[in-house]
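Trainee: Let me see the structure of the following:
(one chain, ligands or ions: 2)
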Amino acid sequence: MIKTLTGAPKIGLHGTLAVPGDKSLSHRGLILGAISQGTTTLHGFLPAADCLSTLTALQALGVPIHRDGTTVTITGRGLHGLSQPKQPLDMGNAGTATRLLAGLLAGQPFATTLIGDASLSRRPMERVRQPLQAMGAHIELTAGHLPMRINGQRLHGGHTDMQVASAQVKSALILAALQADGPSTIVEQLPTRDHTERLLRQFGGHIETAADERTITVTPQPQLQGQTVQIPGDFSSAAFFLTAASIVPKAHIRLTQVGLNPTRTGLLNVLQRMGGHVTVTPQTQTTEPVGDIEVSCAQLHPIHLTAADIPAIIDELPLVALLAATADGISTVSGAAELRVKETDRIATIVTELQKLGVVITAQPDGFTIDGRATWHQPKENLDSHGDHRIGMMMAIAALRLPQPTQLAGAEAVDISYPTFFEDLAQLCQGVRV
Ligand SMILES: O=C(O)C1=C[C@@H](OP(=O)(O)O)[C@@H](O)[C@H](O)C1
Ligand SMILES: C=C(OP(=O)(O)O)C(=O)O
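Mentor: Ligands and ions are numbered 1, 2, ... in the order given. Purely as a prediction, here's the structure:
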């Protein structure tokens, strides 16, 4: 689908917005609800394609799930109550769903096959197969990719040193460890988002994180109890508007009830370091920290990010590139080779798309260099999401700096994580001043 983007809003961006629920927490709430006893209710669920892939897969595993808008009710089947699906589970575009379910299904007493769309079928799955195999799992891949055939086994607890900084792999190992015959220790290279750990504790699981924030111990065979979960707004969705308000002249917006888990909010630190105008007002914390964020336009300065910065900003790196493309100097991002194995090779797609606007950006194997001092121009061809939701939304924000309208090809990709993105953006473009 080609979408016309209207170009720079004359009055800037204004107003107050509550972005939809968190994608990572929506996946996890469904999965933990499915393997608990009793009813789980998710409020603020994200009804986007990725999370609906998880919902449908769990229904095919015999879990009764009812959705009414953003409220989801799950009748838990317990850790041992899933049943063999009649067909392969189609995970669509969702990397998180695939990796997490691989960990869960590795310990179930039946065989399952996971398949996905063309993008997901190119993404690496050896990263979950290898450590799960060390716990006794039997998983066959197709040249390292989907289709994935999982022959469920009795799993063994043990020690895993993770080879990649990935919350998806960590969460797969935690879900496997719940079903193992003894305790498991998982050591991360760098701390990654800890939603699985926090939510599992809420459901009654026994999981401990050491003071180094990288060593996790899981005690198996818990009696998980269904919960009521309030899912906060997705920081990664809010990030598009944090960026927009920072780079669009006269902008001033407020985003409410946003998840502020510190393992996710690297973009706030980046904006502060770049000279952005951001104010955070925390609310009462439950399982996850939540708060409001106010942001207005500022002249940004260059930034240099390295490997240790990356996990807390992994999905926001396209936006870091956009911010850097307006800064008054040269910015660098390194240690971000993981970008190459997301929905697209995001280093390549960021560079291709921003170059269409005259941005001076060079790809490196593990990041990029951007000189923000170049003058932008209207693109000579359509902007393109390349089928990647975050690239499409980043370019829609970039287009707010252009004097004339532009066209975005593949705009339907936003449905993967933010189906109402264009409506919410239009609301801020016409917004009431805060
Ligand atoms: O665990 C999660 O919910 C996610 C983890 C990240 O992937 P990796 O952990 O593989 O980097 C992130 O890119 C993805 O959007 C969601
Ligand atoms: C990488 C992402 O998601 P996933 O890995 O779940 O496909 C994303 O949402 O940017």
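Trainee: which secondary structure element contains residue 294?
Mentor: Here residue 294, judged by DSSP states H and E, is contained in strand 290-296.
Trainee: is it true that residue 24 touches residue 167?
Mentor: Yes: contact status for residue 24 versus residue 167: in contact at 7.5 Å, counting by CB atoms under 8 Å. For every residue, glycine as well, the C-beta is placed using N, CA and C.
Trainee: what do the two both touch?
Mentor: Counting by CB atoms under 8 Å, 6 or more residues apart in numbering, the residues touching both residue 24 and residue 167 are 193, 195.
Trainee: what element comes up after the strand holding residue 294 heading to the C-terminus?
Mentor: Next in sequence after strand 290-296, counting helices and strands by DSSP H and E, comes strand 304-305.
Trainee: for that next one, packing partners?
Mentor: strand 330-333 (3 or more CB pairs under 8 Å, 6 or more residues apart in numbering; DSSP states H and E).
Trainee: Pull the contacting residues for the closest residue to residue 389 other than its chain neighbours.
Mentor: In space, and not counting its chain neighbours, residue 389 is closest to residue 416: 4.0 Å by CB to CB, 6 or more residues apart in numbering. Contact partners of residue 416, counting by CB under 8 Å, 6+ apart, are 48, 49, 50, 93, 94, 343, 389.
Trainee: Quick check: residue 416 vs ligand 1, distance?
Mentor: Counting by CB to the nearest ligand atom, to the nearest Å, the gap from residue 416 to ligand 1 is 10 Å.
Trainee: what pLDDT does that residue get?
Mentor: Looking at residue 416, its pLDDT reads 98.
Trainee: send the alpha carbons of stretch 112-127 over as PDB?
Mentor: Extracted in PDB, the C-alpha atoms of stretch 112-127 (Å, rounded to 0.1, in the frame of the first residue of the first chain):
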ATOM      1  CA  THR A 112       5.300 -28.900  16.800                       C
ATOM      2  CA  THR A 113       6.400 -27.100  13.600                       C
ATOM      3  CA  LEU A 114       6.800 -23.400  13.500                       C
ATOM      4  CA  ILE A 115       6.600 -21.500  10.200                       C
ATOM      5  CA  GLY A 116       6.600 -17.800   9.300                       C
ATOM      6  CA  ASP A 117       6.500 -15.200   6.500                       C
ATOM      7  CA  ALA A 118       9.400 -14.500   4.100                       C
ATOM      8  CA  SER A 119      11.100 -12.100   6.400                       C
ATOM      9  CA  LEU A 120      10.800 -14.300   9.500                       C
ATOM     10  CA  SER A 121      12.000 -17.300   7.500                       C
ATOM     11  CA  ARG A 122      15.300 -15.400   6.800                       C
ATOM     12  CA  ARG A 123      16.000 -14.700  10.500                       C
ATOM     13  CA  PRO A 124      18.500 -16.800  12.500                       C
ATOM     14  CA  MET A 125      17.100 -19.500  14.700                       C
ATOM     15  CA  GLU A 126      20.300 -21.300  15.600                       C
ATOM     16  CA  ARG A 127      20.600 -18.900  18.500                       C
END
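Trainee: Okay, buried residues for it please.
Mentor: 112, 113, 114, 115, 116, 117, 119, 120, 123, 124, 125, 127 (16 or more other CB atoms under 10 Å).
Trainee: Those: which two are farthest apart?
Mentor: Of all pairs drawn from the buried residues of stretch 112-127, the widest gap by CB to CB lies between 112 and 119 and measures 21.0 Å.
Trainee: on that earlier part again, more neighbours, residue 24 and residue 167?
Mentor: A side-by-side neighbour count of residue 24 and residue 167, using other CB atoms under 10 Å, places residue 24 first with 27 against 24.
Trainee: Find the nearest non-adjacent residue to the more buried one, please.
Mentor: For residue 24, the closest residue by CB to CB, 6+ apart turns out to be residue 195, at 5.1 Å.
Trainee: what's the one you found in contact with, if anything?
Mentor: 22, 24, 25, 28, 167, 171, 261, 288.
Trainee: could you redo the last one with a cut-off of 10 Å?
Mentor: For residue 195, the contact set (CB atoms under 10 Å, 6 or more residues apart in numbering) comprises 22, 24-25, 27-29, 167, 171, 259, 261, 263-264, 287-288.
Trainee: Which of those are buried? Put it as a ChimeraX command.
Mentor: Command for ChimeraX, covering only those of those found buried under the criterion 16+ other CB under 10 Å:
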select :22,24,25,27,28,29,167,171,259,261,263,264,287,288
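Trainee: Can you list which of the contacts of residue 195 are found in strands?
Mentor: The members of these that map onto strands under DSSP state E are residue 259.
Trainee: show me what contacts the closest residue to ligand 1 within the stretch 1-150 of the chain?
Mentor: Closest contact between the stretch 1-150 of the chain and ligand 1, by CB to the nearest ligand atom, is at residue 24 (3.3 Å). Contact analysis of residue 24 by CB under 10 Å, 6+ apart lists 46, 50-51, 96, 100, 167-168, 171, 193, 195-196, 199, 231, 234-236, 259, 261, 264, 315.
Trainee: Lovely, talk soon.
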